[in-house]
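Student: What follows is a predicted structure for the sequence shown.
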Amino acid sequence: MITDPRVFTERHLPQRLIGRNADARHLSRILRPAVHDRRAGDALISGSSGVGKTALARFVLRRLNYRADVVDVHVQCLGSTRGDILREILQEHPDVDQRIHRGTPNANLLPLLDQAVSRPCIIVLDEGDDLPATGLVRELAGVTNVSVIAICHDPDQWLADVDTSVTDLFDGDQHLPLDTYSIDDLAEILDQRAQLGLVYDAVDWAVLEEIADFAAGKARPAIQTLRCAAEIAGEADRSQIRSVDVQPGYERAMTYIRERNLQSLSIHHHVLYELVRSGGEDGILSDDLHDRYDAVAEKVYQGREQTPIGQRQRRTKLRKLRYYELIDFPDRRSRRQYEAVDPSIESPLEGISIVCHT
């Protein structure tokens, strides 16, 4: 039933951005100075996981490249240090001599970027919730011709943590908060994917609306549910997706998404996730979680580049796990109870689960 699996991947960028026209125009206005060979504006795109933050940035930048001589660099920042991010920017920037920066000390990376940039450069810092702590946003703001599109989940926390000297660059009209899609818009997005990636007449509009409703207006779960429902229908030797395929398709899709999300996270997230999972159905209280972390830290980090983190950083990582719907916990700060959303999902990092569950 699936004729083109690429249509259902994160890399697929549609020709038309449904449900985000106003946001696309807004971001285009922010970046417009680049059309006149000037530094583009900065922007913060925020919203829950799966609402199209990255797709919006990629779509607008693709259109901008048709009109202007600009460089755009896209970096996944999750779990990366300041040095990691700068090295990836330099590796992806076409005007940087690749032979220069590979052995360059971290302290010299930013000056190297400053020297290389001679035309407007827009850097997309995706999964940038932890960026403010690195100081990199402030540093990049000081580089001539470089502008930043930061993508995060929690804009209030991001703006509170970022250096006050650059807050105004990302707040107010520079901030694009994305809500979930309407059922009609999301069904249209799914119809677009179905036409490109499934056999003819594989699904009708009512089923697409049902998938959109199951996904609560979020594009990523909806697109993966469509793919998984098509797989389930194909496994049953049917040529069309039915309503009965939607719920099992959604469940299969969410398992896939959560597994992929967990794989993308740092070792710190994996350790905390497994400690939460070790609490079983009852979960684990915050005090017990921190005690357990301290107890296993030496053993679990032994032989790894990373080192144990303090409680404040742990709370940040736990919030990320909740954004990715891997764990859940109440908003109250005292005696929080952390629970794994799907305890059957295990960390793929070798040895983490065994140490955290003993």
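Tutor: That came in fine, so what should we check first?

Student: Quick one: find the helix or strand in this structure with the lowest mean pLDDT.
Tutor: helix 98-101 (a mean of 58; mean pLDDT, DSSP states H and E).

Student: The very next helix or strand once past it packs against which elements?
Tutor: Downstream of helix 98-101, the first helix or strand assigned by DSSP states H and E is helix 109-116. Contacts defined by 3 or more Cβ pairs under 8 Å, 6 or more residues apart in numbering; DSSP states H and E place helix 109-116 against helix 82-92, helix 98-101. Quick note: C-beta positions are derived from backbone N, CA and C, even for glycine.

Student: mind checking how far the residue nearest to Gln263 when sequence neighbours are not counted is from Tyr323?
Tutor: Nearest residue to Gln263 in three dimensions, chain neighbours excluded: Pro348, at 6.0 Å (Cβ to Cβ, 6 or more residues apart in numbering). To Tyr323, Pro348 is 20 Å away according to Cβ to Cβ, to the nearest Å.

Student: the more surrounded of those two?
Tutor: Tyr323 (17 against 11; other Cβ atoms under 10 Å).

Student: List the contacts of that one.
Tutor: Counting by Cβ atoms under 8 Å, 6 or more residues apart in numbering, Tyr323 touches 48-49, 129, 153-154.

Student: Show the buried residues in these.
Tutor: Neighbour counting over the contacts of Tyr323 (16 or more other Cβ atoms under 10 Å) leaves 48-49, 129, 153-154 as the buried ones.

Student: And stretch 120-133, end to end?
Tutor: Using Cα to Cα, to the nearest Å, the end-to-end distance of stretch 120-133 comes out at 26 Å.

Student: just stretch 336-351 next, same as before
Tutor: 27 Å.

Student: what sits up against it?
Tutor: 254-255, 258-259, 262-263, 267, 270, 273-274, 276-277, 279-286, 289, 300, 318, 325-330, 353.

Student: now swap in stretch 240-260 and tell me
Tutor: So stretch 240-260 is contacted by 1, 50, 201-204, 206-207, 210-211, 214-215, 220-221, 224-233, 324-326, 341-342, 344-345 (Cβ under 8 Å, 6+ apart).

Student: In ChimeraX, select just the buried ones from these.
Tutor: To isolate the buried subset of the contacts of stretch 240-260 in ChimeraX, counting by 16+ other Cβ under 10 Å, use the following:
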select :1,50,202,203,207,210,211,214,215,220,221,224,225,226,227,228,229,230,231,232,233,324,325,326,341,345
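
Student: Just the ones of the contacts of stretch 240-260 in helices?
Tutor: Members of those lying in helices (criterion: DSSP state H): 206-207, 210-211, 214, 220-221, 224-233.

Student: circling back: what's the most buried one of the helices and strands packed on helix 109-116?
Tutor: helix 82-92 (a mean of 18; mean count of other Cβ atoms under 10 Å).

Student: Now do it: which elements does it pack against?
Tutor: Using 3+ Cβ pairs under 8 Å, 6+ apart, helix 82-92 sits against strand 71-76, helix 98-101, helix 109-116, helix 136-141.

Student: cutoff 10 Å now
Tutor: Counting contacts by 3 or more Cβ pairs under 10 Å, 6 or more residues apart in numbering; DSSP states H and E, the secondary-structure elements packed against helix 82-92 are strand 71-76, helix 98-101, helix 109-116, strand 121-126, helix 136-141.

Student: Dump those to TSV, plus distance to Ala187.
Tutor: Output for the helices and strands packed on helix 82-92, formatted as TSV (distance: least, Cβ to Cβ, whole Å):
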stretch	distance to Ala187
strand 71-76	28
helix 98-101	45
helix 109-116	43
strand 121-126	27
helix 136-141	37
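
Student: Need the nearest residue in space to the residue nearest the centre of the chain, chain neighbours excluded.
Tutor: Nearest to the geometric centre of the chain sits Glu127, at 4.5 Å (Cα atoms, centre = their mean). Excluding its sequence neighbours, the residue lying closest to Glu127 (Cβ to Cβ, 6+ apart) is Leu78, at 3.8 Å.
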